[in-house]
Structures are given as C-alpha cells and as structure tokens.
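Q: build me a model from this:
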Amino acid sequence: MTATRLDPRRSATALAFAAVVWAAPAAAEVVTFEARDMIASPSQPVASVDGGVVSLAADADRPVLVHFFATWCAPCREELPALARFVARQGEGVRVVGVDVGEPASRVRGFLASLGVALPVALDEDRSLSRQFGVKVLPSTIALAPGGGAAAAAHGPLDWDADSTARTLAALGAVNENPPDPKTQQTQ
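A: Okay, here's the model as predicted:
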C-alpha cells in the first residue's frame with residue numbers, strides 16, 4: 001500500500017474556497033431579512049466573551065437580534081460598527097446579542113476593542129448555536145420576536161444604516177421603524 005501525499009497548494013485552495021463560501025454571499029447579492037419558521041431560542045444562558053454568561057432567550061416585550069460573526073470575516077468587520085449604530089438609534093426598543101463562531105474569548109475581546117464595539121457577545125466555540133439557528137453564512141442575524149421564536153433571518157452582510165433595514169424589521173415585528181429620539185426622551 002502506498003501513502004498518498006496531499007498537495008499543500010490544493011489544500012490551501014480548498015480551505016480558501018470554503019472560507020469564502022462560509023463568509024458571505026456573492027458581492028452583488030442584496031441581503032435583507034426574510035420571515036422564517038419559528039426556532040426556539042436557547043433557554044439556558046451561554047458563555048460570554050467577558051467570562052460571564054449572556055442570554056439569547058427572547059424577551060417578553062421586545063425583540064432580540066442574534067448576530068453571528070467571526071473575527072476573520074471581512075464583512076463582519078465592516079458590519080459590526082454599523083450594527084452598533086443601529087442599536088444606538090433603536091435605544092431600548094431592541095436587544096442585540098453578538099455570537100462569535102468558533103473562536104476563543106481573548107481573540108474576540110481584542111477584535112471588539114479594535115472596532116470600538118461594545119455589545120454583549122456569546123461564544124459559540126463548538127458551533128452548536130450556529131447549528132441550532134441554521135447559520136451557514138457569516139455574518140448572519142436572526143431576529144427573535146418578542147415572547148420567543150425566530151421571526152426573521154438575514155444570511156450575509158446587511159446595511160444597518162439603511163432605512164430599509166429598519167422598515168423590513170418593523171414589518172416583521174422585530175423593531176420599531178421610528179424609534180423614539182433619545183435626545184427628546186432626555187428632555188422630557
């Protein structure tokens with residue numbers, strides 16, 4: 001029996017191709033949220049990047065956006081600051097939990113610090129959460145309706161600064177299309 005040697009160039013090419021397919025849809029594709037069948041969110045808290053735990057369970061009175069990303073994912077690096085701005089515009093009307101897929105906490109903490117993004121982040125080192133939510137592309141965002149269950153999903157990068165994103169999520173019942181102005185609330 002003879003041993004077969006793998007060509008390192010072929011292996012590297014296959015890995016690069018897999019990373020591109022996993023990372024995002026074709027650049028020309030416009031990604032938006034689409035309604036989806038209900039998926040129960042985990043009822044148990046999961047390990048967070050800060051060493052504690054974070055809940056992915058849907059809130060009774062407000063939606064939860066569960067955002068899957070990885071530090072090596074270029075579209076994720078571009079999207080996370082825009083997601084943080086979206087959360088700031090929504091105020092208390094929505095809760096967002098990031099989920100880093102397959103990486104150690106120390107790497108994720110450095111990544112978030114380099115972007116200046118402060119969101120609660122769960123760790124999915126074994127990819128079990130990704131499988132539970134049907135995530136096959138990064139970034140992906142699952143919108144959990146108030147009270148539980150997935151209301152919508154977007155697989156690929158979103159334009160969080162576009163009014164159409166808020167309108168789509170509002171139509172699906174996942175956010176308030178016209179959130180209250182935080183400046184107005186402070187003066188009342």
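Q: all strands for this structure, in order.
A: Taking DSSP state E as the criterion, the chain contains strands spanning 34-35, 46-47, 53-54, 64-69, 95-101, 121-124, 140-144, 150-155.
Q: quick one: closest of these to residue 77.
A: Closest approach to residue 77 among the strands of the chain is made by strand 64-69 (8.5 Å; CB to CB). For the C-beta atoms, the positions are set from N, CA and C on the backbone; glycine is no exception.
Q: could I get the closest one in PDB with only the CA atoms?
A: Only the C-alpha atoms of strand 64-69 are listed here, as PDB (Å, rounded to 0.1, in the frame of the first residue of the first chain):
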ATOM      1  CA  VAL A  64     -33.800  40.300  20.200                       C
ATOM      2  CA  LEU A  65     -31.400  40.300  17.300                       C
ATOM      3  CA  VAL A  66     -28.900  37.500  17.500                       C
ATOM      4  CA  HIS A  67     -25.900  38.400  15.300                       C
ATOM      5  CA  PHE A  68     -23.400  35.700  14.300                       C
ATOM      6  CA  PHE A  69     -19.900  36.800  13.300                       C
END
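Q: that strand pairs with which strands?
A: Counting by DSSP bridges, the strands paired with strand 64-69 are strand 95-101 (parallel), strand 140-144 (antiparallel).
Q: need the winner for burial among those strands.
A: Sort the strands paired with strand 64-69 by mean neighbour count, taking mean count of other CB atoms under 10 Å, and strand 140-144 sits at the top with a mean of 27.
Q: adding distance to residue 166 and mean pLDDT, write the strands of the chain out as a markdown table.
A: Compiled in a markdown table, the strands of the chain are given as follows (distance: least, CB to CB, whole Å; pLDDT from 0 to 100):
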| stretch | distance to residue 166 | mean pLDDT |
| --- | --- | --- |
| strand 34-35 | 16 | 68 |
| strand 46-47 | 27 | 92 |
| strand 53-54 | 24 | 93 |
| strand 64-69 | 12 | 93 |
| strand 95-101 | 13 | 94 |
| strand 121-124 | 22 | 96 |
| strand 140-144 | 12 | 89 |
| strand 150-155 | 13 | 82 |
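Q: mind checking the end-to-end distance for stretch 42-61?
A: 17 Å (CA to CA, to the nearest Å).
Q: which residues in the chain form helices?
A: All helices of the chain, identified by DSSP state H, fall at 8-23, 74-90, 105-115, 128-133, 163-171, 182-187.
Q: weakest of those helices by average pLDDT?
A: Ranked by mean pLDDT, those bottom out at helix 8-23, with a mean of 38.
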